[in-house]
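1. Sharing a model prediction with you, sequence too.
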Amino acid sequence: MTVVLPTCLVLVNRVLLECGIPTVASLTPGTRESNVVLEALNDGTNEITLRERWPWRRATYTIALVGGQQAYPLPDDFKSLAEPMRFGVANSNFANIEEVTPEQWAYQGDGSSFNAANTGSPTQFTIKEGAIYFVPTPSTGFVTTYPSISFAYFKGVHNRRTIADSANSWDLPAEMYDCLIKFGKARLKEYLEYPDAGLNMQQYEKALGMQMAIVRQGRKPPVMRQMYSPTVEW
């Protein structure tokens with residue numbers, strides 16, 4: 001996702017300005033208040049990111065398969081799969097492959113089905129320690145037919161910004177600007193013991209709730225599967 005928020009310096013100064021605190025020319029070294037706001041905006045970014053499965057958290061990643069290689073690194077911002085993983089099978093249809101937990105993987109690790117030396121068409125996978133493992137290991141023949149796999153995933157939280165990030169920003173879309181500012185104001189006022197800190201936090205929750213409602217309204221409602229009921233003739 002393209003960063004569309006103003007820089008860290010601009011956002012920090014906006015919070016300081018709205019709280020009646022002098023702004024800073026740079027975050028390096030900044031002031032006590034600007035450092036508090038910077039950390040507050042870091043916390044706010046993480047809080048906003050994990051509150052909902054936002055569309056902007058969704059991304060696609062492609063892994064180039066290698067015959068005989070069982071483990072493949074995942075992107076640094078990987079949080080969880082957004083949908084079941086699918087491999088193409090020999091009849092050219094696509095089928096889901098089973099995900100097993102790292103605990104199941106470890107428990108069955110001595111079994112032949114989890115041996116990395118066994119190759120073929122993958123039927124199971126697990127995600128652990130920043131990598132994805134397939135079993136059986138993709139064979140050379142399988143990779144010839146299916147040289148790569150693409151899957152959708154949800155991004156996790158990003159690295160926290162520091163005082164060296166005056167010219168950088170957070171990876172949030174423009175519609176989260178107001179939410180982030182309100183969160184920063186609430187935290188700074190709480191630190192300074194302003195009496196209206198709680199009001200700003202309420203305003204943040206309201207603004208974030210509106211964004212969540214917009215996202216949920218755009219989702220297609222689930223459709224219940226109709227159960228077959230044979231007609232009974234008397």
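-> Arrived safely, thanks for sending. Residues are numbered from 1 along each chain as shown.
2. And the strands in the chain, which stretches?
-> Listed in chain order, the strands of the chain (DSSP state E) span residues 58-64, 71-73, 78-81, 86-88, 94-96, 98-99, 119-120, 124-128, 131-135, 137-138, 148-155.
3. Can you lay out the ones you listed as TSV showing distance to Thr162 and mean pLDDT?
-> (Each C-beta comes from the backbone N, C-alpha and C, glycine too.) Listed next are the strands of the chain as TSV, based on distance: least, Cβ to Cβ, whole Å; pLDDT from 0 to 100:
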stretch	distance to Thr162	mean pLDDT
strand 58-64	24	91
strand 71-73	25	94
strand 78-81	22	90
strand 86-88	40	69
strand 94-96	42	64
strand 98-99	36	85
strand 119-120	45	84
strand 124-128	29	88
strand 131-135	28	91
strand 137-138	40	90
strand 148-155	20	89
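4. Pick the most deeply packed of those strands.
-> strand 137-138 (a mean of 23; mean count of other Cβ atoms under 10 Å).
5. Format the strands of the chain as JSON lines; extra columns: distance to Tyr191.
-> Shown next, in JSON lines, are the strands of the chain (distance: least, Cβ to Cβ, whole Å):
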{"stretch": "strand 58-64", "distance to Tyr191": "34"}
{"stretch": "strand 71-73", "distance to Tyr191": "39"}
{"stretch": "strand 78-81", "distance to Tyr191": "30"}
{"stretch": "strand 86-88", "distance to Tyr191": "49"}
{"stretch": "strand 94-96", "distance to Tyr191": "49"}
{"stretch": "strand 98-99", "distance to Tyr191": "43"}
{"stretch": "strand 119-120", "distance to Tyr191": "58"}
{"stretch": "strand 124-128", "distance to Tyr191": "38"}
{"stretch": "strand 131-135", "distance to Tyr191": "40"}
{"stretch": "strand 137-138", "distance to Tyr191": "53"}
{"stretch": "strand 148-155", "distance to Tyr191": "29"}
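6. of these, which approaches Arg32 most closely?
-> Closest approach to Arg32 among the strands of the chain (Cβ to Cβ): strand 148-155, 32.1 Å.
7. Next, the angle strand 58-64 makes with the closest one.
-> Using axes from the mean of the first three to the mean of the last three Cα atoms, to 10 degrees, the inter-axis angle of strand 148-155 relative to strand 58-64 is 150 degrees.
8. Now do strand 148-155 against strand 124-128, angle only.
-> 40 degrees.
9. Quick one: find the helix or strand in the chain with the lowest mean pLDDT.
-> strand 94-96 (a mean of 64; mean pLDDT, DSSP states H and E).
10. Looking at the strands of the chain, which is nearest to Leu5?
-> That would be strand 148-155 among the strands of the chain, by Cβ to Cβ, at 15.6 Å.
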